[in-house]
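Asker: Need the 3D shape of this:
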Amino acid sequence: MNIEFNKNEDSMRLAWSKVKQHLERIYEGGGKKSAAKQKERNKLTARERIAYLCDNDKPFVEIGAFAGFDMYPDDGGCPAGGTVSGIGYVSGSQCVIVANDQTVKAGAWFPITGKKNLRMQEIAMENNLPVIYLVDSAGVYLPMQDEIFPDKEHFGRIFRNNAKMSAMGITQIAAVMGACVAGGAYLPIMSDETLMVEGNGSIYLAGPYLVKAAIGEDIDSETLGGADTHNSISGIADYKFKTEEACLDQVKKIMNKLGPHKKAGFNRIAPTSPLKNNDEVYGIMSAGNSKPYDMVDLINCIIDKNSFDQFKEDYGKTILCGYARIDGWAVGIVANQRLIVKNKKGEMQLGGVIYNDSADKAARFIMNCNQKKIPLVFLQDVTGFMVGSRSEHSGIIKDGAKLVNAVANSVVPKITIIVGNSYGAGNYAMCGKAYDPRFIYAWPTAKIAVMGGEQAAKTLLQLEKSKAGNLSEADEKKMLDKITDKYNSHTTAIYAASNLWVDAIIDPLETRAWVSEGILAANNAPIEKFNLGVIQT
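Answerer: Residues are numbered from 1 along each chain as shown. I've put the predicted structure just below:
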């Protein structure tokens with residue numbers, strides 16, 4: 001190992017360490033005092049419920065841990081969007097789990113909570129996975145009701161999805177361990193089976209206080225909508241239990257009896273370890289991603305040993321395409337090459353930039369993977385498409401559109417890892433969030449924006465100068481620094497994860513495992529016939 005490698009490694013470890021520090025804070029939910037109140041009521045926290053429910057010998061892949069990070073400071077924050085969710089295994093079956101975190105504003109739904117829950121349902125529908133809801137929520141956070149209640153992608157979409165998933169044959173189980181109020185009361189009832197915990201679980205459209213205000217009736221919570229009421233009178237619930245553990249045990253029993261579904265049938269053989277030591281992945285990228293590197297080195301830290309077969313290796317060199325295996329799974333890899341390379345004419349091409357030939361090559365490769373039923377893995381470190389008269393005259397827009405068309409219409413599962421830059425139309429062409437990747441993850445080094453911070457800041461500075469008039473050199477520098485800092489703060493992996501532009505920030509060392517689990521989930525859903533539509537050739 002050389003000095004440069006050690007510097008790179010230290011920088012990556014520091015970046016991941018900062019992410020872990022934030023995660024430790026997120027894992028506390030609403031704080032120790034709120035968790036203690038849960039214990040006083042004989043209730044587990046959301047994370048404890050999931051830990052008890054899931055199989056110990058299988059991974060739990062948490063989705064959206066950073067959702068809502070540093071949002072809503074005036075309202076006390078919303079760690080993890082007020083829910084803990086992910087993909088785990090219960091009685092051997094892979095499934096989606098969504099647990100309200102009652103320690104965060106009594107489990108109330110903020111705008112980001114709705115977005116996160118819809119994302120989890122989307123994952124369930126795309127991958128044909130059962131869903132387990134661990135319900136403990138006070139309902140919509142009223143001060144923000146206009147941002148969560150009425151629109152298409154708001155709270156009501158949850159129940160629409162309940163109905164759609166039921167029609168699709170996707171199992172849904174709701175364990176009601178606390179409050180389930182107002183519109184939220186529909187979620188457990190629209191699930192296949194509803195379980196309730198005595199003394200804590202309750203389901204009603206209006207609580208005792210609202211009932212008193214609306215019709216003058218005095219009634220307590222248990223009589224109105226407790227476990228005994230809904231099991232013996234209304235018939236809404238199917239089971240009742242004295243403890244949360246007994247309730248979760250029953251969920252395990254239900255999951256243990258699920259019948260098998262038809263698989264997509266993606267190719268998998270016995271895995272082999274990567275060519276490079278896994279921890280070498282830390283030393284490839286420079287601090288700030290400021291220097292070129294060979295993407296092949298990074299790929300060889302992730303894939304099974306000697307499994308990378310490059311497609312059109314000598315053509316379109318700023319995008320690497322090739323077949324490989326990750327943990328035994330056959331995959332097609334589409335990755336931005338950061339080295340400065342020569343094209344077929346001997347001309348130098350900037351690394352991380354998509355040229356005509358690389359766009360054309362990638363589009364063809366993506367079509368091949370769809371033809372062969374091979375899942376796609378995108379490794380993003382892209383600054384965008386090449387600009388200028390030469391590129392425009394060569395039809396860069398046409399070739400870019402061809403690539404975007406292939407990505408958009410792909411029917412095989414797409415898994416995107418943003419390792420470095422993800423700028424402009426390059427984000428789209430390399431399967432950004434708008435192009436429906438089954439899963440999209442970011443390394444701590446990821447940056448997502450319309451353009452790089454330096455270029456954007458200078459552009460924004462010109463706009464500000466036009467408003468402010470003549471500025472001294474010192475004032476201009478001060479303004480530029482302020483604009484740059486603000487812009488860069490909105491391009492980080494943490495900012496992206498807080499807005500759910502990515503599903504999680506992952507340790508680069510674990511990239512291989514995250515991809516493998518994603519393909520395993522995707523293998524539960526048979527794929528449709530590939531149809532590209534109309535393109536310009």
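Asker: What strands flank the helix or strand hosting residue 325, and is each parallel or antiparallel?
Answerer: For residue 325, the host element (DSSP states H and E) is strand 319-326. Strand 319-326 pairs in its sheet with strand 309-310 (antiparallel), strand 329-336 (antiparallel), by DSSP bridges.
Asker: what about the strands in the stretch 151-300 of the chain?
Answerer: 172-181, 193-197, 202-204, 239-241 (DSSP state E, counting those that start in this stretch).
Asker: per-residue confidence at the nearest residue to residue 434 once chain neighbours are set aside?
Answerer: The spatially closest residue to residue 434, leaving aside those adjacent along the chain, is residue 428, at 6.2 Å (C-beta to C-beta, 6 or more residues apart in numbering). In short, each C-beta sits where N, CA and C put it, glycine included. Confidence at residue 428, expressed as pLDDT, is 94.
Asker: Surely residue 428 is in contact with residue 436?
Answerer: No: here residue 428 lies out of contact with residue 436, judged by C-beta atoms under 8 Å, at a distance of 11.6 Å.
Asker: Export the strands of the stretch 151-300 of the chain as TSV, with columns for mean pLDDT, mean neighbour count and distance to residue 481.
Answerer: Compiled in TSV, these are given as follows (pLDDT from 0 to 100; neighbours: other C-beta atoms under 10 Å; distance: least, C-beta to C-beta, whole Å):
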stretch	mean pLDDT	mean neighbour count	distance to residue 481
strand 172-181	94	26	48
strand 193-197	97	25	55
strand 202-204	92	24	54
strand 239-241	97	19	59
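Asker: between those, which gets nearest to residue 362?
Answerer: Distance to residue 362, taken as C-beta to C-beta, is lowest for strand 172-181 among the strands of the stretch 151-300 of the chain, at 38.0 Å.
Asker: Could you name the helices and strands sitting against the closest one?
Answerer: Packing partners of strand 172-181 (3 or more C-beta pairs under 8 Å, 6 or more residues apart in numbering; DSSP states H and E): strand 131-137, helix 156-168, helix 186-189, strand 193-197, strand 202-204, helix 244-255.
Asker: and these, which is most packed in?
Answerer: Among the helices and strands packed on strand 172-181, ranked by average contacts under mean count of other C-beta atoms under 10 Å, first place goes to strand 131-137 (a mean of 27).
Asker: Who are the packing partners of it?
Answerer: Using 3+ C-beta pairs under 8 Å, 6+ apart, strand 131-137 sits against helix 46-53, strand 93-100, helix 111-127, strand 172-181, helix 186-189.
Asker: got the ones you listed as JSON lines, with distance to residue 421 columns?
Answerer: Output for those, formatted as JSON lines (distance: least, C-beta to C-beta, whole Å):
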{"stretch": "helix 46-53", "distance to residue 421": "34"}
{"stretch": "strand 93-100", "distance to residue 421": "31"}
{"stretch": "helix 111-127", "distance to residue 421": "24"}
{"stretch": "strand 172-181", "distance to residue 421": "39"}
{"stretch": "helix 186-189", "distance to residue 421": "40"}
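Asker: measure residue 485 to residue 492 for me?
Answerer: 12 Å (C-beta to C-beta, to the nearest Å).
Asker: swap that for residue 255, please
Answerer: Counting by C-beta to C-beta - residue 255 and residue 492 are separated by 38 Å.
Asker: swap in residue 121?
Answerer: Separation of residue 121 from residue 492 (C-beta to C-beta): 27 Å.
Asker: higher neighbour count, those two?
Answerer: Neighbour count, other C-beta atoms under 10 Å: between residue 121 and residue 492, residue 121 has more, with 23 against 19.
Asker: Am I right that that one is in contact with residue 159?
Answerer: No: counting by C-beta under 8 Å, residue 121 sits too far from residue 159 to count as a contact (10.3 Å).
Asker: And for the chain, the residue most distant from the center?
Answerer: Most distant from the centre of the chain: residue 216, at 46.0 Å, with distances by C-alpha atoms, centre = their mean.
Asker: Counting neighbours, which bits of the lengthiest helix in the chain end up buried?
Answerer: For the chain, the helix that runs over the most residues, judged by DSSP state H, is helix 3-26. Of all the residues in helix 3-26, those buried under the rule 16 or more other C-beta atoms under 10 Å are 8, 9, 11, 12, 13, 15, 16, 19, 22, 23, 26.
Asker: All the helices of the stretch 201-350 of the chain, residue numbers only.
Answerer: 208-215, 221-225, 227-232, 244-255, 295-302 (DSSP state H, counting those that start in this stretch).
Asker: picking up where we left off before, for the helices and strands packed on strand 172-181, give me a markdown table that also has distance to residue 104.
Answerer: As requested, these are exported to a markdown table (distance: least, C-beta to C-beta, whole Å):
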| stretch | distance to residue 104 |
| --- | --- |
| strand 131-137 | 10 |
| helix 156-168 | 18 |
| helix 186-189 | 18 |
| strand 193-197 | 20 |
| strand 202-204 | 19 |
| helix 244-255 | 18 |
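Asker: you'd agree residue 497 is in a helix?
Answerer: Yes: assessed by DSSP: H, G, I helix; E, B strand; the rest coil, residue 497 belongs to a helix.
Asker: mind listing what it touches?
Answerer: By C-beta atoms under 8 Å, 6 or more residues apart in numbering, residue 497 lies in contact with 64, 65, 66, 67, 69, 442, 504, 505.
Asker: List the contacts of the fifth one.
Answerer: Contacts here follow C-beta under 8 Å, 6+ apart; on that basis residue 69 touches 22, 26, 79, 494, 497, 498.
Asker: that older thread, and residue 428 and residue 436? Which one has more around it.
Answerer: It is residue 428, of residue 428 and residue 436, that has more neighbours when counted by other C-beta under 10 Å, with 20 against 15.
Asker: What strand or helix carries that one?
Answerer: Secondary-structure assignment from DSSP H and E places residue 428 in helix 424-429.
Asker: So which elements touch that helix?
Answerer: Under the contact definition 3+ C-beta pairs under 8 Å, 6+ apart, helix 424-429 sits against strand 376-382, strand 384-385, helix 396-409.
Asker: could you point out which element follows it?
Answerer: strand 439-442.
Asker: average pLDDT for the helix or strand just after that following strand?
Answerer: Using DSSP H and E, the helix or strand that follows strand 439-442 towards the C-terminus is strand 447-449. Per-region confidence: strand 447-449 scores 93 on mean pLDDT.
Asker: Show me the contact partners of strand 447-449.
Answerer: For strand 447-449, the surrounding residues in contact (C-beta under 8 Å, 6+ apart) are 289, 418, 420-423, 427, 432, 442, 453, 456, 487, 490-493, 496, 501-502.
Asker: Could you check that strand and say which residues are buried?
Answerer: Across strand 447-449, burial judged by 16+ other C-beta under 10 Å covers 447, 448, 449.
Asker: Equivalent analysis for stretch 405-417, please.
Answerer: The neighbour-count check on stretch 405-417 (16+ other C-beta under 10 Å) flags 405, 406, 407, 409, 410, 412, 413, 414, 415, 416, 417 as buried.
Asker: I'd say the second one and residue 366 touch.
Answerer: Meaning residue 406. Yes: Residue 406 is within contact range of residue 366, at 4.2 Å (criterion: C-beta under 8 Å).
Asker: Return the residues in contact with residue 378.
Answerer: Neighbour list for residue 378: 334, 335, 414, 415, 416, 417, 430, 431, 437 [criterion: C-beta under 8 Å, 6+ apart].
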